[in-house]
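S.K.: Give me a 3D structure for the following:
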Amino acid sequence: MIGQRESSLVLRLRDVGEGKILYDTSFYIEVLRSKSFAESFRSRYEADIPMTFFSSVVVQELLAGATDRLKRAVVEALYRPFVNSRRIATPTHSVWEEAGRVLGVMRGQRKDQVDRLAGSFVNDLLVALSARAMGARVVTLNSDDFTPIRKYLSFGLEILKG
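M.R.: Predicted structure coming up:
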């Protein structure tokens, strides 16, 4: 797991540079599910740590999927260094307001997809808007949600291959 060397992560979190990054939930889920993905991406993630913030939306999604004490502990180990270093990105009122506006436009233009524009899609929109507000790019494996969002909203996006 990427979070194995927590003490080195905590030290490196204090070094914030240019080009902020928000990893999306899909990235962390793949890290937790696939040891080979986690190992192949470890050096990149560690290099990104000085620029990485953890989204409170991602914390909520990961904890919602953590169905027992052990899983919660693993999830908490992922985000706790960011809490301790005050590197949590939380949607502001204006981000929530903008999410409502964008969803309204999308629902008006994509009536065939209204059911899809709820739940986790709203969370992805909040991550995208939070990233834009703080000048960060979203790094994700979830092209199905973030690509359509990009048609309505300008924000930095990097889509990874799983």
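
S.K.: Which pLDDT value goes with residue 92?
M.R.: Per-residue confidence (pLDDT) for residue 92: 97.

S.K.: where are the low-confidence patches of the chain?
M.R.: 1-18, 114, 162 (pLDDT under 70).

S.K.: quick one, strands of it?
M.R.: Counting by DSSP state E, the chain has strands at residues 20-23, 52-55, 88-89, 136-140, 156-159.

S.K.: which of those strands sits most buried?
M.R.: Among the strands of the chain, ranked by average contacts under mean count of other C-beta atoms under 10 Å, first place goes to strand 52-55 (a mean of 24). Using the backbone N, CA and C atoms, a C-beta is placed for each residue, glycine as well.

S.K.: elements contacting that one?
M.R.: Other elements packing on strand 52-55 under the criterion 3 or more C-beta pairs under 8 Å, 6 or more residues apart in numbering; DSSP states H and E are strand 20-23, helix 69-84, strand 88-89, helix 120-134.

S.K.: Tell me which residue lies nearest the centroid of the chain.
M.R.: Centroid check for the chain by C-alpha atoms, centre = their mean gives residue 24 as the closest residue, at 2.4 Å.

S.K.: wait, what's in contact with that residue?
M.R.: Contact analysis of residue 24 by C-beta atoms under 8 Å, 6 or more residues apart in numbering lists 55, 58, 124, 127, 138-142, 146.

S.K.: Using a markdown table, lay out the strands of the chain together with distance to residue 120.
M.R.: Formatted as a markdown table, the strands of the chain follow (distance: least, C-beta to C-beta, whole Å):
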| stretch | distance to residue 120 |
| --- | --- |
| strand 20-23 | 16 |
| strand 52-55 | 13 |
| strand 88-89 | 18 |
| strand 136-140 | 12 |
| strand 156-159 | 16 |
